[in-house]
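Colleague: turn this into a structure:
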Amino acid sequence: MNNPWEDIKLDDYENHMSLDSVKQLQTMNAIMKEQFEDYPVDTAMIFGIAGGKGLEHVSTEKYSKVYGVDINKDYLNAVSERYKNLFGVLECLQIDLINEKEIIPKSQLVIANLLIECIGYQVLTVESYDLLNGKALLRIDFKKKMKYEEVYLSEFSDVFYVEEKNVALVHWKKYCELEQYRIPLKNALKVIKDHTACNYVADTRDGFEDNPLDTKWVAEYFMPKAKEYGCRIIYFIID
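Modeller: Got it, this is the predicted structure:
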């Protein structure tokens, strides 16, 4: 049995969505312009690409790849014809998202404005766009939660390895000194040593002060070791 969307003509869909009494297609176009521009990414995927409305906002200077995914082959053919200027960047894929999800490629940004099935994601942005018929479109942007591998936990600080960013993260929770200060940093060094090109992040938003002896230890021991083990960038998260 075919999916119902395989039998809906593109003209019928677009004419309904763009009615002056609805203007849903026009509003979606404006939303997609913001989504393409708002995030520091260079790959994107659109679920339910339909006729490709919104693709005119894709900058080929910013994006190296944009996937247009739909179950309707005729829609994808129309998109390819309409946006020939995106050749080499735009790739149209006929995929059944329910039964063929294992073949979906990876991308940094996923736009699924009419197809939201996000579980275990946190909301970045929620905005409402009023339509002329008294209804509204709700734009909800989600961000994938990063996985934190616990390395060392204490009253004073926690150390994690964040695989997605390849960083050793130390969250300082309150003032400490000497061994209470140095043990978490030694654990961070172990993480850096065990992961090629791993960098270091210090989250100091909950408080961070240095004993002069510890400042000297960081300069004479921690920094050289971090560099030796492949760390090239140290980030500080401050309030």
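
Colleague: hey, where'd the strands end up in this structure?
Modeller: Under the criterion DSSP state E, the chain carries strands at the ranges 43-47, 65-70, 90-94, 109-111, 121-130, 136-144, 148-153, 157-162, 167-172, 199-203, 234-237.

Colleague: nearest to residue 13, out of those strands?
Modeller: strand 65-70 (10.9 Å; Cβ to Cβ). (Each C-beta comes from the backbone N, C-alpha and C, glycine too.)

Colleague: got a list of contacts for stretch 85-101?
Modeller: 3, 47, 49, 55, 58, 60, 63-73, 76-77, 79-80, 83, 103-105, 115 (Cβ atoms under 8 Å, 6 or more residues apart in numbering).

Colleague: end-to-end on it?
Modeller: End-to-end distance for stretch 85-101: 28 Å, by Cα to Cα, to the nearest Å.

Colleague: in it, what's buried?
Modeller: Neighbour-count burial for stretch 85-101 flags 86, 89, 90, 92, 95, 97 (criterion: 16 or more other Cβ atoms under 10 Å).

Colleague: what is the mean pLDDT for that stretch?
Modeller: The average of the pLDDT scores along stretch 85-101 is 89.

Colleague: go on, stretch 168-186?
Modeller: pLDDT averaged over stretch 168-186 gives 92.

Colleague: distance from the chain centre to it, please.
Modeller: 29 Å (Cα atoms, centre = their mean, to the nearest Å).

Colleague: adding distance to residue 222 as columns, could you present the buried residues of stretch 85-101 in a markdown table?
Modeller: Below are the buried residues of stretch 85-101 laid out as a markdown table (distance: Cβ to Cβ, whole Å):
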| residue | distance to residue 222 |
| --- | --- |
| 86 | 48 |
| 89 | 44 |
| 90 | 47 |
| 92 | 51 |
| 95 | 48 |
| 97 | 48 |
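
Colleague: on that earlier part again, only whichever of the contacts of stretch 85-101 are buried, select them in ChimeraX.
Modeller: Of those, the buried ones go into a single ChimeraX selection, burial set by 16+ other Cβ under 10 Å:
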select :47,49,55,58,63,65,66,67,68,69,70,71,72,76,79,80,83
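
Colleague: circling back to that earlier point, which one among the buried residues of stretch 85-101 gets closest to residue 197?
Modeller: Looking across the buried residues of stretch 85-101 and measuring by Cβ to Cβ, the closest to residue 197 is residue 89, at 28.5 Å.

Colleague: please report phi then psi for that closest one.
Modeller: phi -110, psi -50 (degrees, to the nearest 10).

Colleague: same check on residue 58?
Modeller: Note on residue 58: its backbone torsions stand at phi -80, psi 120 [degrees, to the nearest 10].

Colleague: how near is it to residue 71?
Modeller: 22 Å (Cβ to Cβ, to the nearest Å).

Colleague: what does stretch 43-50 rub up against?
Modeller: For stretch 43-50, using Cβ under 8 Å, 6+ apart, the contacting residues are 10, 13-14, 32, 36, 54-55, 58, 63-70, 72, 75-76, 79, 92, 97, 104-115.

Colleague: about what we covered before: out of the buried residues of stretch 85-101, who's nearest residue 176?
Modeller: Closest to residue 176, out of all of those and judged by Cβ to Cβ, is residue 97, at 49.2 Å.

Colleague: that closest one and residue 5: what is the separation?
Modeller: Distance of residue 97 to residue 5, given as Cβ to Cβ: 11 Å.

Colleague: this completes my enquiry, with thanks.
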